[in-house]
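K.L.:
3D model of this:
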Amino acid sequence: MKRALGEYRTPRLARSVVELMVTVVPFAALWILMWGTLSAGHWLGLLFAVPAAGFLVRLFMIQHDCSHGSFFRSRRANDWVGRAIGILTLTPYDLWRHSHVLHHANSGNLDRPRVGGIDTLTVREFRGLPRTQQFLYRLYRHPLVLFGVGPTYLFILDHRLPVGFMRAGWMPWLSTMSTNAALALLVTTMIWLVGVIPFLLVQLPITLLASSIGVWLFYVQHQFEDTLWEHDDDWTFHEAALYGSSHYDLPGPLRWFTANIGIHHVHHLCSRIPSYRLPEVLRDHPELRHIGRLTPRQSLESVRLVLWDEEQRRLVSFAEAHGAATDRAR
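P.N.:
Numbers count the residues shown, from 1 in each chain. Okay, the predicted model is just below:
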């Protein structure tokens, strides 16, 4: 299958430029519109944060394509567009690209470092923790933390230092500090133009909403009941990509705003396919439509799934894990 997907890997320059422009220009226009309405005392202008956050999420997805070298044919073009977008998304591009490559290489493997994803323990690992650490894991997996406090911390604070890569050489530091410097220059300029309070009133709601949406999307791409995790001896890249990643079947407008990232099983099979060509794959290979398919309603149910049960080979809730342990003790 991976070989068959090779024909979709070629990006189309005109299409890539259009995709970039129809994302950047509306984002900038909505930012200015939101600033203008709030400055005039119309608090309903905060509603513009919703579509603006959608365009910021879409910018992140274009940055994601760039990190895979799939948005332009030129690696230099991918990297510099990705770095520029990374300033807007508060993400050090080169460091994120490095950790994301590790995520693709190890996704679904229980014996390799789980880098670049949502921390998920097996039932056995959870039971082996002291009570204090069990409490902290429960807290981490609470929806208000995972999709509220967590994204805010991740994008605004955690990305300001190369956490987890402090001793990995100069690249993480260069990527992080250059992004911080460019971000400081941009923020200073915007504050000089519009003022501190107006800037924060516009930017903070957009950033907080977009970061939560982004983490949610990343969550549902691998956290669903029938996902696939294996130990190293049984793990294969093909099966982990195809069955360990979801097809998040979103309505058309949401597919557009998320740049087809919901077709995640195909993306993991061949990450060099540009996001705007992923629907072509489903059109030409309809057998892929139903693998790992997850509807918006089903995705909400996945929030309770927090531990990987190696015996049942599926994600389970805390209650299910406790019930299974109680049954075995009888």
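
K.L.:
strands of the stretch 51-200 of the chain, start to end?
P.N.:
Here the stretch 51-200 of the chain has its strands, by DSSP state E, counting those that start in this stretch, at 121-122.

K.L.:
now find how far off-centre the helix or strand where Phe27 lies is within its chain.
P.N.:
Assessed by DSSP states H and E, Phe27 sits inside helix 13-39. Its chain's C-alpha centre and that of helix 13-39 lie 21 Å apart, by Cα atoms, centre = their mean, to the nearest Å.

K.L.:
now the spatially most central residue of the chain. Nearest residue, chain neighbours left out?
P.N.:
In the chain, the C-alpha nearest the mean C-alpha coordinate belongs to Phe218, at 3.8 Å (Cα atoms, centre = their mean). What sits nearest to Phe218 in space, not counting adjacent residues and going by Cβ to Cβ, 6 or more residues apart in numbering, is Ile118, at 6.9 Å. C-beta coordinates here come from the backbone N, C-alpha and C atoms, glycine included.

K.L.:
what's around Tyr276, how many residues?
P.N.:
By other Cβ atoms under 10 Å, 20 other residues sit near Tyr276.

K.L.:
which residues make contact with stretch 78-98 from outside it?
P.N.:
If you take Cβ atoms under 8 Å, 6 or more residues apart in numbering as the criterion, stretch 78-98 is touched by 20, 27, 56, 59-60, 62-63, 65-67, 69-72, 155-156, 159, 162, 165, 171-172, 174-176, 178-180, 182-183, 186, 207, 210.

K.L.:
just the CA coordinates of that stretch, formatted as CSV?
P.N.:
The C-alpha atoms that make up stretch 78-98 are tabulated as CSV, following Å, rounded to 0.1, in the frame of the first residue of the first chain:
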residue,chain,number,x,y,z
ASN,A,78,9.5,24.0,3.4
ASP,A,79,11.9,24.9,6.3
TRP,A,80,11.7,28.7,6.0
VAL,A,81,7.9,28.8,5.6
GLY,A,82,7.7,26.4,8.5
ARG,A,83,9.9,28.6,10.7
ALA,A,84,7.9,31.7,9.8
ILE,A,85,4.6,30.0,10.7
GLY,A,86,6.2,28.7,13.9
ILE,A,87,6.5,32.2,15.2
LEU,A,88,2.7,32.6,14.8
THR,A,89,2.0,29.2,16.3
LEU,A,90,4.6,29.7,19.2
THR,A,91,6.4,26.5,18.0
PRO,A,92,10.1,26.2,17.5
TYR,A,93,9.9,24.6,14.0
ASP,A,94,13.2,22.6,13.8
LEU,A,95,12.9,21.2,17.3
TRP,A,96,9.3,20.3,16.7
ARG,A,97,10.1,18.7,13.4
HIS,A,98,12.8,16.6,15.1
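
K.L.:
could you give the separation of that stretch from the chain centroid?
P.N.:
Relative to the chain's own centre, stretch 78-98 is displaced by 13 Å; criterion: Cα atoms, centre = their mean.

K.L.:
residues of it that come out buried?
P.N.:
Within stretch 78-98, the residues that qualify as buried are 78-79, 81-83, 85-98, counting by 16 or more other Cβ atoms under 10 Å.

K.L.:
on that earlier part again, can you name every helix or strand that the helix holding Phe27 contacts?
P.N.:
Packing contacts for helix 13-39, counted by 3 or more Cβ pairs under 8 Å, 6 or more residues apart in numbering; DSSP states H and E, involve helix 49-67, helix 196-220.

K.L.:
give me the below-cutoff pLDDT ranges for this protein.
P.N.:
Along the chain, the parts satisfying pLDDT under 70 run over 1-2, 115-116, 324-330.

K.L.:
gap between the residue lying closest to Phe27 once chain neighbours are set aside and Ile206?
P.N.:
Once flanking residues are discounted, Phe27 sits nearest to Phe55: 3.8 Å by Cβ to Cβ, 6+ apart. Applying Cβ to Cβ, to the nearest Å, one obtains 9 Å for the distance of Phe55 from Ile206.
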